[in-house]
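Colleague: whatever this is, show me its structure:
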Amino acid sequence: MQGKKPVQFRTIAVFFILALTAAVAGASLRVYDYTENDPTFCINCHIMEQPFAKWQKSVHKDIGCHDCHYATIFEKNKMLLKSLVFHPTKVSRRPHGKILVPATMCIKCHWAGEKSIPKISQSTGHALHWFKASIECTACHAIKLHEFAPQQSLCVNCHESAKAMLAEMSTMVCTDCHAFKGRKLMPDATACQKCHAEPFAPKAGEKLPAVHRQFDCMTCHDVHHPEQPASGSCQTCHTITQKRGKHPIHLQALGNECLTCHKPHNWRIEKKDAEKLCSQCHEFRPLKSFGLLSSAD
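Modeller: The predicted structure follows:
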């Protein structure tokens with residue numbers, strides 16, 4: 001009977017040690033899971049209250065902090081030591097002198113990820129800016145804390161010469177015309193028709209010529225240079241035409257422009273048009289006398 005007591009004691013001791021080990025391991029796992037996966041851990045530091053509040057209202061509110069923000073063991077201890085020693089009152093914009101969320105984190109969701117998440121794989125704009133130019137996502141996105149919509153005012157930081165100079169377009173943003181997420185970044189006539197439907201629709205009894213429809217609007221119009229369209233636009237293609245017939249007299253000698261006589265989007269001058277136009281400066285003369293072929297005498 002006496003020999004059984006040590007055995008029982010050892011059994012109880014082993015059981016106690018195993019139970020204690022399991023309890024410590026369980027507690028450690030819970031602490032690890034809390035610190036690594038629970039966003040509420042971040043607000044234990046008072047300077048994270050504003051970032052946390054803005055994150056809760058952002059499009060990423062269902063994504064944990066650590067899914068985007070990653071720090072090595074060294075960086076974590078550095079932040080802990082800095083917090084204990086220096087007691088900072090705000091988060092620096094670029095802690096440790098590096099980008100907070102590199103593009104390699106973003107593409108985990110925005111390249112493969114769930115189907116409901118917007119993808120950049122079919123985006124010409126992202127192909128040019130990220131793949132080709134190696135511009136980080138956060139150079140345009142999340143300029144303001146946890147606000148992920150791109151700040152389009154930043155486009156002029158690199159494209160200063162591409163500001164929309166027309167007063168009528170002062171409230172517009174770049175992607176109103178440039179389909180950043182599409183397959184074609186440069187706008188075409190389809191983009192222009194969103195606002196300018198009238199030039200594409202002939203008036204009653206009027207048939208617009210198809211001669212210029214082979215070109216995009218930007219061939220003649222350049223919203224980034226408001227002096228166009230002007231005679232300079234026409235000269236790109238009509239160099240010879242402007243030297244024929246009475247064009248030199250009307251353009252160079254009298255200082256007129258192409259648009260003085262030619263109506264935009266309906267360039268051909270008919271007899272009824274000529275009667276009004278010519279009489280503004282001189283008596284009407286048959287179009288044949290101008291020295292060019294026309295549909296009217």
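Colleague: so what's the nearest residue to residue 188 once chain neighbours are set aside up against?
Modeller: Nearest-residue entry for residue 188: residue 216, 4.9 Å, with adjacent residues in sequence omitted and distances by Cβ to Cβ, 6 or more residues apart in numbering. (C-beta placed from N, C-alpha, C; glycine too.) Residue 216 is in contact with 187-189, counting by Cβ atoms under 8 Å, 6 or more residues apart in numbering.
Colleague: out of those residues, which are inside strands?
Modeller: Judged by DSSP state E, these include no members of strands.
Colleague: between these, which has the most around it?
Modeller: Taking other Cβ atoms under 10 Å to define a neighbour, the member of the contacts of residue 216 with the most is residue 187, carrying 17 neighbours.
Colleague: got the confidence number for the spatially closest residue to residue 247 that is not a sequence neighbour?
Modeller: If you skip the residues right next to it in sequence, residue 247 has residue 241 as its closest partner in space, 6.8 Å away by Cβ to Cβ, 6+ apart. Looking at residue 241, its pLDDT reads 82.
Colleague: now residue 61
Modeller: Spelled out, the predicted local distance difference test score at residue 61 is 90.
Colleague: phi and psi next, for it.
Modeller: Per-residue torsions, residue 61: phi -60, psi -20 (degrees, to the nearest 10).
Colleague: grab the nearest non-local neighbour of it.
Modeller: Closest to residue 61 by Cβ to Cβ, 6+ apart is residue 55, at 6.3 Å.
Colleague: select the longest helix from this structure.
Modeller: Once the chain is assigned using DSSP state H, the helix that runs over the most residues is helix 4-37.
Colleague: ok so, going back, surely the residue nearest to residue 61 meets residue 65?
Modeller: Yes - taking contacts as Cβ atoms under 8 Å, residue 55 lies within contact range of residue 65: 7.4 Å.
Colleague: which residues do those two both contact?
Modeller: Each of residue 39 lies in contact with both residue 55 and residue 65 under the rule Cβ under 8 Å, 6+ apart.
Colleague: which residues are contacting stretch 29-46?
Modeller: So stretch 29-46 is contacted by 48-49, 51-52, 55, 64-66, 83 (Cβ under 8 Å, 6+ apart).
Colleague: and of those residues, the nearest to residue 193?
Modeller: For residue 193, the closest of those turns out to be residue 55, at 39.8 Å, with distances computed as Cβ to Cβ.
Colleague: give the contact list for the closest one.
Modeller: With contact set as Cβ under 8 Å, 6+ apart, residue 55 has these partners: 39, 61, 65, 146.
Colleague: so which of those residues are in helices?
Modeller: Among these, the members found in helices (DSSP H) are residue 65.
Colleague: hang on, the earlier thing: just the buried residues out of the contacts of stretch 29-46, in PyMOL syntax.
Modeller: Entered in PyMOL, the line below selects the buried ones among those, by 16 or more other Cβ atoms under 10 Å:
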select buried, resi 48+51+55+65
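Colleague: just the contacts of stretch 29-46 now: which is nearest residue 268?
Modeller: When the contacts of stretch 29-46 are ranked by distance to residue 268 (Cβ to Cβ), residue 55 comes first, at 61.1 Å.
Colleague: can I get the helix or strand just after the longest helix of the chain in PDB? Just the C-alpha atoms.
Modeller: Using DSSP states H and E, the next helix or strand after helix 4-37 towards the C-terminus is helix 49-56. The C-alpha atoms that make up helix 49-56 are tabulated as PDB, following Å, rounded to 0.1, in the frame of the first residue of the first chain:
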ATOM      1  CA  GLU A  49      -8.800  55.800 -31.700                       C
ATOM      2  CA  GLN A  50      -9.200  58.100 -34.800                       C
ATOM      3  CA  PRO A  51      -7.800  55.500 -37.200                       C
ATOM      4  CA  PHE A  52     -10.000  52.800 -35.700                       C
ATOM      5  CA  ALA A  53     -13.100  55.000 -36.000                       C
ATOM      6  CA  LYS A  54     -12.400  55.900 -39.600                       C
ATOM      7  CA  TRP A  55     -11.700  52.200 -40.400                       C
ATOM      8  CA  GLN A  56     -15.100  51.200 -39.000                       C
END
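Colleague: neighbours around the closest residue to residue 90 other than its chain neighbours, how many?
Modeller: Of all residues not flanking residue 90 in the chain, residue 47 sits nearest, at 5.8 Å (Cβ to Cβ, 6+ apart). Number of residues near residue 47 (other Cβ under 10 Å) recorded here: 14.
Colleague: what do you get for residue 174?
Modeller: Counted with other Cβ under 10 Å, residues neighbouring residue 174 total 19.
Colleague: and residue 269, by the same measure?
Modeller: Close neighbours of residue 269, defined as other Cβ under 10 Å, add up to 19.
Colleague: gap between residue 184 and residue 33?
Modeller: Using Cβ to Cβ, to the nearest Å, one obtains 47 Å as the distance from residue 184 to residue 33.
Colleague: having no further points to raise, I will conclude here.
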